[in-house]
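Participant: below: sequence and its predicted model.
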Amino acid sequence: MLLREQVPLAPYTTFGIGGPARWLVEATDEASLVEAVQFAREKGVPLFVLGGGSNVLVSDEGFPGVVVHVALRGIDEEGNRFQVAAGENWDDFVSRAVGGNFAGIECLAGIPGTVGGTPVQNVGAYGQEVAETIASVRVLDRERLSFAELPAAECGFSYRRSLFNSTQRDRYIVTRVDYALTGGAMPAVRYPDVQRAFQDRRDSPTLAEVAAAVREIRHRKGMLLVEGEPDCRSAGSFFKNPVVEQAQYEAIAARESSPVPRYPAAPGFVKIPAAWLVEHAGFQKGFVLGRAGLSSRHTLAVINRGGATAAEILALRDRVSEEVEECFGIRLEPEPVWVG
Ligand SMILES: Cc1cc2nc3c(=O)[nH]c(=O)nc-3n(C[C@H](O)[C@H](O)[C@H](O)COP(=O)(O)OP(=O)(O)OC[C@H]3O[C@@H](n4cnc5c(N)ncnc54)[C@H](O)[C@@H]3O)c2cc1C
């Protein structure tokens, strides 16, 4: 087990914020994960599992226990089945699948982070989510110190949710995700932004063209990590799209002069884009609060404008969520995971 002490966590995150980990384990195989869990138990300290750091906000004080950086690598491909080690880069895997003409994850191109991170919040974008293509997830059960394979049906997937970030939070470390893709199938062109990209085309786009279009849309919205671009020190969307009762949606819609956008949700419920709520609560793209701010391309991305502390990001979070609650009676839920 490769163990280091007092390791700054900011470079391990896309926000570029956060103090040190008391201990950091670089886990390149399953055995080191077991050792890391045992080590944390012996020391009586908490353990945090870190992937690509693209959906976390680390506290300025850092983490007082063991951070395990999941760095297991390798992809086994058989037919349409891909067994992908948790530490593999997600976007690289999407490119490989699309390049091999396998459909199912082409709209998830350009999302940062690791493959092991994808089942945790059931990563989704532009009309696809990983719950549609995950066959099973291999995990280390931290309670029993044994490995298990969880079929997708047992992972409790729903919008930005799985058992890994809800009922069984902190119980499992994902070591491998098995994806079942579809060879030679048509790409998913379900989402309005993606449909618009191909509206002038008579023939259907290829998987590669859809993946490229998604990257382009993401880039426009500042949701693609591009080295050196100021809007890129973020964790992507900072707030989840809230799901509200139909009656609450109608009450909001009745007060507004223009239509309030909505996405389908469970019967009797409506999902409202958080970006719309943030904008209509008075926040513009590029809003600044100290060294924190909102992206100049997307109101939903909170950014580190350079040298921001976690406290500054939290101050902006509070300001935005309080205004939204006051205007619409909806409490926004942050998407990034707090570490500290
Ligand atoms: C620019 C940008 C755009 C984004 N766009 C999207 C988007 O469109 N859709 C979307 O869903 N997300 C999006 N995200 C959020 C993020 O990229 C995803 O949630 C990603 O899957 C997180 O993976 P990660 O490896 O970086 O996880 P981390 O950020 O390292 O961790 C996130 C959570 O997952 C847990 N975790 C990570 N790896 C493991 C593991 N192996 N085992 C157990 N738990 C683990 C961590 O403990 C933590 O709770 C975006 C982020 C950015 C910065």
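Facilitator: Arrived safely, thanks for sending.
Participant: residue 310 and residue 56 touch, don't they?
Facilitator: No - if you go by Cβ atoms under 8 Å, residue 310 and residue 56 don't touch, sitting 10.3 Å apart. To be clear about C-beta, it is placed using only N, CA and C from the backbone, and glycine gets the same treatment.
Participant: check the gap between residue 138 and the ligand for me.
Facilitator: 10 Å (Cβ to the nearest ligand atom, to the nearest Å).
Participant: to clarify, my last question referred to residue 94.
Facilitator: Distance from residue 94 to the ligand, by Cβ to the nearest ligand atom: 12 Å.
Participant: which helix or strand contains that residue?
Facilitator: helix 90-99 (DSSP states H and E).
Participant: buried sites along that helix?
Facilitator: By neighbour count on 16 or more other Cβ atoms under 10 Å, the buried set for helix 90-99 is 90, 91, 93, 94, 95, 97, 98.
Participant: now those as JSON lines including distance to residue 124?
Facilitator: Shown next, in JSON lines, are these (distance: Cβ to Cβ, whole Å):
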{"residue": "90", "distance to residue 124": "12"}
{"residue": "91", "distance to residue 124": "15"}
{"residue": "93", "distance to residue 124": "16"}
{"residue": "94", "distance to residue 124": "13"}
{"residue": "95", "distance to residue 124": "18"}
{"residue": "97", "distance to residue 124": "16"}
{"residue": "98", "distance to residue 124": "17"}
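Participant: could you export the helix or strand residue 140 falls within as PDB, CA atoms only?
Facilitator: Residue 140 is part of strand 134-141, with elements assigned from DSSP H and E. Written as PDB, here are the backbone C-alpha positions of strand 134-141 (Å, rounded to 0.1, in the frame of the first residue of the first chain):
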ATOM      1  CA  ILE A 134     -24.400  -0.600 -16.300                       C
ATOM      2  CA  ALA A 135     -24.800  -4.400 -16.000                       C
ATOM      3  CA  SER A 136     -23.100  -4.700 -12.600                       C
ATOM      4  CA  VAL A 137     -20.800  -3.000 -10.200                       C
ATOM      5  CA  ARG A 138     -17.900  -4.800  -8.400                       C
ATOM      6  CA  VAL A 139     -17.400  -3.400  -4.900                       C
ATOM      7  CA  LEU A 140     -15.400  -3.800  -1.800                       C
ATOM      8  CA  ASP A 141     -17.800  -4.000   1.100                       C
END
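Participant: show me what it is packed against.
Facilitator: Counting contacts by 3 or more Cβ pairs under 8 Å, 6 or more residues apart in numbering; DSSP states H and E, strand 134-141 packs against helix 30-43, strand 146-151, strand 172-180.
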